[in-house]
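Q: Fold the following and give me the result.
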Amino acid sequence: MKIRLVVTGKTELAYIREGRDDYASRIRKYIPFEITEIAGLKSTSGRPPGEWKKRESELIMKHISPGDYMVLLDEHGKELGSREFSGFLNQRFAQGLKTLVFLIGGPYGFDEALIRRADFRLSLSRMTFPHQLVRLIFLEQLYRAMTILKNEPYHHD
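A: Numbering: from 1, shown residues only. This is a model prediction of the structure:
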């Protein structure tokens, strides 16, 4: 199995790019992993949120294959602790999936069509974070989950 992280917009902040690259490198020691950045829409001004989400959804779906197991990182999703998240990953591994895709959307969330297509919705927190920072937080949790699965001494209960 391979894991992909699909995000809308470029990772603009240097410290986020540096952290992203560091955690992506660490994750690749455990599993094939890639990050896909989809060019974001240029401006939210003048567009109703529904139109924005629909257009962004269309761009995202171009990067999703029919057999992909798709997880939306969504504030309305299920919250999992780090050990629970590692268990979630372990269950996906056991299913024999080809590709597990995690999606981070834009500022307005996901279009209803994308929500219906999703296999799972995951919330990192009930708090709101900037989309750039969510990338780094998620990558750290993915790395942490991999170390838990390998019984390595990174995570402490």
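
Q: Next SSE downstream of the lowest-mean-pLDDT helix or strand in the chain?
A: Confidence across the helices and strands of the chain bottoms out at helix 49-61, with a mean of 87, counting by mean pLDDT, DSSP states H and E. With elements assigned by DSSP states H and E, the helix or strand that comes after helix 49-61 is strand 69-79.

Q: so how far is that next one off the chain centroid?
A: When distances are taken as Cα atoms, centre = their mean, to the nearest Å, strand 69-79 is centred 8 Å away from the chain's centroid.

Q: name the helices or strands packed onto the helix ranked longest in the chain?
A: In the chain, assigned by DSSP state H, the helix with the most residues is helix 131-149. Counting contacts by 3 or more Cβ pairs under 8 Å, 6 or more residues apart in numbering; DSSP states H and E, helix 131-149 packs against strand 2-8, helix 14-27, helix 82-94, strand 99-104. (Glycine included, C-beta is placed from N, CA and C.)

Q: And the contacts of the last one?
A: When you say that, I think you mean strand 99-104. 1-8, 60, 64-65, 67-73, 89, 92, 110, 114, 118, 122, 131, 134-135, 138, 142 (Cβ atoms under 8 Å, 6 or more residues apart in numbering).

Q: one more time with 6 Å
A: 2-7, 68-73, 92, 134 (Cβ atoms under 6 Å, 6 or more residues apart in numbering).

Q: and if you look at the longest one?
A: Outside of helix 14-27, the residues within contact range by Cβ under 6 Å, 6+ apart are 11, 33, 132, 135-136, 139-140, 142-143.

Q: re the thing from before, what's the mean pLDDT across the longest helix of the chain?
A: Mean pLDDT, helix 131-149: 96.

Q: related to what we said a few turns ago, kindly give a single PyMOL line that selects the buried subset of the contacts of helix 14-27.
A: Per 16 or more other Cβ atoms under 10 Å, the buried members of these correspond to this PyMOL selection:
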select buried, resi 11+33+132+135+136+139+140+142+143
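
Q: low pLDDT regions in this protein?
A: 40-46 (pLDDT under 70).

Q: For Phe85, give me its contacts.
A: By Cβ under 6 Å, 6+ apart, the contact list for Phe85 reads Ala145.

Q: how close does it sit to Gln91?
A: Using Cβ to Cβ, to the nearest Å, Phe85 is found at 11 Å from Gln91.
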